[in-house]
Every structure is written in C-alpha cells, then in structure tokens.
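**Q** Dropping the sequence and predicted coords here.
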Amino acid sequence: MARTFETVGVVGLGTMGAGIAEVFARAGLSVIGVEADEAALDRGRGHLEGSTGKAVARGKLTTDQQQEILGRIVLTTSREDLADADLVIEAIPEVMEFKRGLFADLDRICKPSAVLATNTSSLSVTAIAATTSRPAQVIGMHFFNPAPIMKLVEVIHTVVTEDGLAADIADLARRLGKTPVTVGDRAGFVVNRLLLSYLNHACGLVESGRSTRDDIDAAMKLGVRFPMGPFTLLDLIGLDTSYEVCEVLFRESRDRRHAPAPVLRELVTAGLLGRKTGRGFYSYADGTPPTHETAARSAVSMAGIVGDGEDAAALLARFDAAGFKAVVAETSDLTPVAGADVVIALSDTPVVELAVRLPHPERLVGLHLVGDAVAEIASTVLTSDEAAAAAHDLMKVIGRTPVSCRDRAGLVVNALLYPYLNDAVRMLESGYSTVEDIDNAMRLGCGYPAGPFEMLDAIGLEKVRDGLRALYAEYREPSFAPAPLLDQLVTAGVPSIREHAG
Ligand SMILES: NC(=O)c1ccc[n+]([C@@H]2O[C@H](COP(=O)([O-])OP(=O)(O)OC[C@H]3O[C@@H](n4cnc5c(N)ncnc54)[C@H](O)[C@@H]3O)[C@@H](O)[C@H]2O)c1
C-alpha cells in the first residue's frame with residue numbers, strides 16, 4: 001500500500017530548508033522545522049516570513065493564507081521533536097560527516113516507519129543511508145533553488161531502497177506541485193552531472209584563450225537562449241560549490257572533463273566565490289548585474305563575404321540595407337573578395353584554409369551566425385586586429401552581438417553545446433534515465449528553453465554528430481566522440497531521437 005505523508009520534518013532552515021518547509025506547508029502538510037540553535041532558528045523564521053511575505057506583496061497569497069502556511073510550521077531546536085514525523089528531509093550543509101551524524105541521530109529518534117530523505121546535491125545517498133539501521137527507507141529528495149519556485153525534484157533511490165518508496169516520494173512531489181524525475185544514486189544525478197560538465201568546459205575555454213568570459217556568456221545567453229551565460233551561473237551557484245561538485249563527479253567518472261578547471265581552484269582559494277562574496281568571475285561590488293555592451297567603432301569601405309549558400313546572399317542584403325558596400329565570393333573562387341578590407345567567411349568550422357588562399361590572409365575572419373542575435377567571429381593565427389575589429393563592428397551594425405573567438409572546431413557555441421548534448425545521449429544510452437526525464441530535468445531544473453533531446457531534434461542529429469566528430473578530430477578528447485547511439489541513429493536515417501527512444 002502506498003505510504004502517506006502528513007507530518008514532515010525539515011532539518012536545516014537555510015537557503016534550501018526554509019524553502020522546502022514552505023513548499024510542504026503550502027501543500028497542507030504539517031511541518032516541523034529544526035535548526036541547530038536559537039539564532040539559526042530566528043534566521044530560518046526570517047527566511048519563511050520573508051519568502052511568504054514577498055508572495056503576499058506580489059498578490060500571490062493573501063495575509064490569511066500566509067498565516068495559515070506559517071501556522072502549519074512548528075519551529076524547534078530539538079531533533080527529538082521529530083519522533084512522530086512520517087518523513088524527515090535534511091538540508092544541512094554539504095559535509096558528509098555532518099550528514100552522517102544527523103542521520104544516525106534521526107534513525108534513533110524517528111519512528112520505525114519514518115522515511116529519511118536528504119536534499120544533498122552531490123554526496124552519495126547510499127553512503128548516507130548506510131549510517132542508519134533502515135537503509136531501505138532512506139532516499140534522496142533533491143529540490144532546486146529557490147525551492148518554492150523551481151518545479152523539479154530529483155528523487156534518488158539507492159540499490160537498497162525498498163520497492164515502491166521512490167514512487168511514493170515521486171507522488172508526494174507531485175502533491176507539492178513539482179515534477180519528479182526518479183534516478184539511481186550517481187554523482188550529480190541528472191542535472192548537476194550535465195550542467196557542471198558544461199560549466200567546467202566553459203572555464204576550460206577561457207583558460208585556453210578560446211574566447212572571453214563576456215563573449216562566452218553572451219553567446220550562450222543570446223545565441224542559445226539559456227537564461228544566463230555559464231560564468232554568470234557559476235557565480236550564482238557559488239564557485240566553491242561548483243568546484244566541489246566537479247570534484248565529486250570526477251572522483252566517480254574519472255572523466256577529465258569533470259576535473260575542476262584550474263581557474264575555479266584559483267578563484268576559490270582567493271576567496272572569490274561568486275555573488276555571495278561580491279566577486280567571482282564578475283565583480284558585484286556596485287550591486288549591478290554584468291553587462292556585455294561596448295560601443296561600435298570603425299567602419300569599412302568594402303566587405304567581402306565568402307559563402308556558398310543562401311546565408312551569403314542574406315548577409316549581403318543586410319549589409320546593403322545598412323549602407324555598406326559588399327561583394328560575395330564562393331569558396332571555389334575567392335577572386336571577387338581579394339581586394340576587400342575585411343573578408344567574412346561564413347562557416348561553423350575553421351577558416352584558416354580559406355585565409356591562406358587570399359593575397360591578404362590577415363583580412364579574413366570566420367563568421368558563424370547563431371540564432372537571430374549572435375555572430376561568432378573567428379580569428380585565425382593570421383587575422384589582424386583591424387580585420388577582427390571591423391568584423392566585430394559590422395555585426396553590431398546589422399544588429400547582432402559579436403562573440404570573438406579563435407578559429408577552432410565548434411567555435412564557442414557548438415564547442416560547448418554539442419558535448420553537453422552528447423553527454424545527455426550517453427546518459428540515456430547508459431540506462432540511467434529516460435528522454436522525457438532528462439529533458440524535464442534540464443528544462444525545469446535549469447530553466448533552459450528546451451531539454452537536450454528537444455535541442456538535438458531541433459538542430460538535427462546529423463549536424464550534431466558531425467560537429468562532435470570535428471571536435472573529436474581536433475582534440476582527441478574521448479568524451480567528444482559521438483555517443484554510439486547518436487552515430488547509429490544518424491546512420492540508420494532516424495530523424496528524431498525523441499521519437500526513437502522516447
Ligand atoms: N543552495 C542550493 O542552491 C542548493 C540546491 C540544491 C540542494 N542543495 C543542498 O541543500 C543542502 C543545504 O544547502 P543550503 O544551501 O540550504 O545551505 P545553507 O548553509 O544555506 O543552510 C544550511 C542550514 O543548516 C543549518 N544547520 C547546520 N547544521 C545543522 C544541524 N546539525 N541541525 C540543524 N540545522 C543545521 C544551518 O544553521 C543552516 O541554516 C546541502 O546539502 C546542499 O548541497 C543546495
């Protein structure tokens with residue numbers, strides 16, 4: 001018979017715990033909130049009153065409803081008060097020793113039928129469960145920040161979790177108005193595993209000089225429509241937390257892409273942890289969010305466009321409309337653009353091969369238009385600063401945000417996006433999760449406009465497979481090699497991974 005949960009304990013009323021307590025109380029459950037001492041309990045009360053108070057101010061709750069919700073939450077500093085709880089969820093700091101000590105205590109205090117849950121982001125639920133005499137009743141219930149708003153809950157079962165418990169916890173999550181995604185106990189679960197690989201990879205691109213913090217953030221935000229760029233997000237998560245999650249991922253996967261980028265270690269060691277300390281990749285000293293704008297500069301008298309498709313004609317029309325003289329050449333014959341001040345080669349792959357065929361190779365840049373707002377501009381080893389600056393300005397004139405980068409496979413966007421999509425395919429292929437759950441997890445947990453499989457279908461499996469092949473050929477990084485499932489779907493002519501595996 002399915003379990004019912006009416007009284008829920010929440011231990012730790014910090015960032016996450018206070019939000020989790022609020023979520024349960026809003027759904028009509030009785031909540032016992034436990035903090036370490038009176039001062040922390042006061043802070044917890046403050047979080048609860050502040051968060052529900054904001055909802056009242058926004059007209060989302062009436063004062064009566066707020067009082068009802070707060071009235072369902074009993075606050076205490078005594079763990080012993082959890083004796084009658086049906087479920088206790090822990091949200092104390094991410095330190096294994098703290099969690100083990102707490103779970104040993106909860107095991108002693110709570111009634112035998114009670115379920116013990118952890119909100120850990122990266123620690124092993126199995127290792128936490130093993131400190132109790134009831135490992136079959138220990139489970140992960142991973143909320144996202146801010147808990148009252150984010151719709152995703154990852155439910156983590158271990159190899160010893162009793163049958164049916166994960167389904168009962170998933171039902172409870174639905175009762176809270178959340179979408180549950182149930183998975184086994186692997187480092188990072190779904191969201192952090194996919195997300196932190198991508199964020200760490202972005203750090204690597206900056207370290208290798210591929211592009212800059214601002215350009216990468218602009219590319220992913222404006223080009224891919226992610227809610228924010230990777231460095232803004234890293235600052236928000238906290239660089240210490242990000243570093244720690246990468247470490248945990250690496251310890252389990254031994255995949256060097258999970259090894260925390262040295263720049264993360266350096267910033268963490270320097271105490272620059274992101275928003276919470278006022279400085280990380282960005283500085284928040286004046287409290288304003290980072291911006292990426294710079295003013296447009298010089299102009300060019302004649303631009304050359306190299307491209308074989310419709311994009312070249314469309315770009316020519318845009319230049320025309322903006323009052324710039326431009327000529328087009330096909331890649332088979334570059335003569336028409338030989339005299340141009342700047343030569344823009346439309347390509348999502350390296351363009352140095354084209355540059356060396358020109359009398360002025362220093363005038364050529366690669367151009368990859370991403371979505372309708374971003375233009376990646378690739379400088380080869382021969383490109384002059386003047387040509388790069390001119391291309392930069394031309395893109396601004398036609399209303400696109402220029403993103404400068406080196407002439408490397410994948411440039412910025414595809415170099416970051418395709419390995420992320422490949423990781424999702426590998427996760428699917430390993431049987432860890434499903435297409436629908438992975439898509440839901442990334443959409444609801446990260447606020448992405450689409451899940452990785454929705455993105456794969458939209459971009460085209462073959463395009464992503466070929467992009468990964470190019471990345472692999474350039475870097476020989478094993479995890480860039482297209483996942484066998486992706487490769488086989490392309491070979492078999494299957495157009496949609498969601499239809500095939502969904
Ligand atoms: N912050 C996030 O974005 C986020 C997201 C998902 C999961 N998590 C996980 O949630 C957990 C809590 O993270 P947080 O960001 O809320 O931390 P936090 O530091 O904001 O809050 C932790 C709270 O636990 C209290 N506490 C410490 N020891 C205690 C004890 N023995 N008994 C009772 N209370 C105790 C502290 O006083 C503090 O209020 C961690 O496991 C973290 O990995 C965090």
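**A** Looks like it came in fine.
**Q** domains of this structure?
**A** 7-184, 191-277, 303-406, 413-501 (automatic domain parsing).
**Q** could I get those as a markdown table with mean neighbour count, distance to the ligand and mean pLDDT?
**A** C-betas here are computed from N, CA, C, even on glycine. Conversion of those to a markdown table gives the following (neighbours: other CB atoms under 10 Å; distance: least, CB to the nearest ligand atom, whole Å; pLDDT from 0 to 100):
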| stretch | mean neighbour count | distance to the ligand | mean pLDDT |
| --- | --- | --- | --- |
| domain 7-184 | 19 | 2 | 97 |
| domain 191-277 | 20 | 7 | 95 |
| domain 303-406 | 19 | 28 | 94 |
| domain 413-501 | 19 | 10 | 96 |
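**Q** could those go into TSV alongside distance to M1?
**A** Compiled in TSV, these are given as follows (distance: least, CB to CB, whole Å):
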stretch	distance to M1
domain 7-184	9
domain 191-277	32
domain 303-406	51
domain 413-501	26
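**Q** out of those domains, which comes closest to A285?
**A** For A285, the closest of the domains of the chain is domain 191-277, at 10.7 Å, according to CB to CB.
**Q** residue contacts, V115?
**A** Contacts here follow CB atoms under 8 Å, 6 or more residues apart in numbering; on that basis V115 touches 3, 5, 86-88, 137-139, 165, 169.
**Q** Next: L195.
**A** 442, 445-446.
**Q** Can you classify it as helix, strand or coil?
**A** Using DSSP: H, G, I helix; E, B strand; the rest coil, the secondary structure recorded for L195 is helix.
**Q** do I139 as well
**A** strand.
**Q** Helices along the stretch 151-300 of the chain, start to end?
**A** 165-175, 191-207, 213-218, 230-237, 239-253, 262-269 (DSSP state H, counting those that start in this stretch).
**Q** Just want the angle from the longest one to helix 239-253.
**A** The one in question is helix 191-207. Interaxial angle of helix 191-207 relative to helix 239-253 (axes from the mean of the first three to the mean of the last three CA atoms, to 10 degrees): 110 degrees.
**Q** so who does the closest residue to S124 other than its chain neighbours touch?
**A** Using CB to CB, 6 or more residues apart in numbering and skipping residues adjacent in sequence, the residue nearest S124 is D185, 6.2 Å away. Counting by CB under 8 Å, 6+ apart, D185 touches 124-126, 140, 156-159.
**Q** ok, now G278?
**A** 284-285.
**Q** Just the pLDDT for it.
**A** Looking at G278, its pLDDT is 94.
**Q** where's it relative to the ligand, distance?
**A** 17 Å (CB to the nearest ligand atom, to the nearest Å).
**Q** chain center to the longest helix anywhere in the chain: distance?
**A** Using DSSP state H, we find that the single longest helix of the chain is helix 38-57. Mean-position distance between helix 38-57 and its chain equals 28 Å (CA atoms, centre = their mean, to the nearest Å).
**Q** same deal with stretch 156-171?
**A** 26 Å.
**Q** Report the separation between the closest residue to E362 other than its chain neighbours and V397.
**A** The shortest distance from E362 to any non-neighbouring residue, by CB to CB, 6+ apart, is to S384 (4.1 Å). Distance of S384 to V397, computed by CB to CB, to the nearest Å: 20 Å.
**Q** and if you look at L116?
**A** 61 Å.
**Q** got it, and R175?
**A** With distances taken as CB to CB, R175 is found 54 Å from V397.
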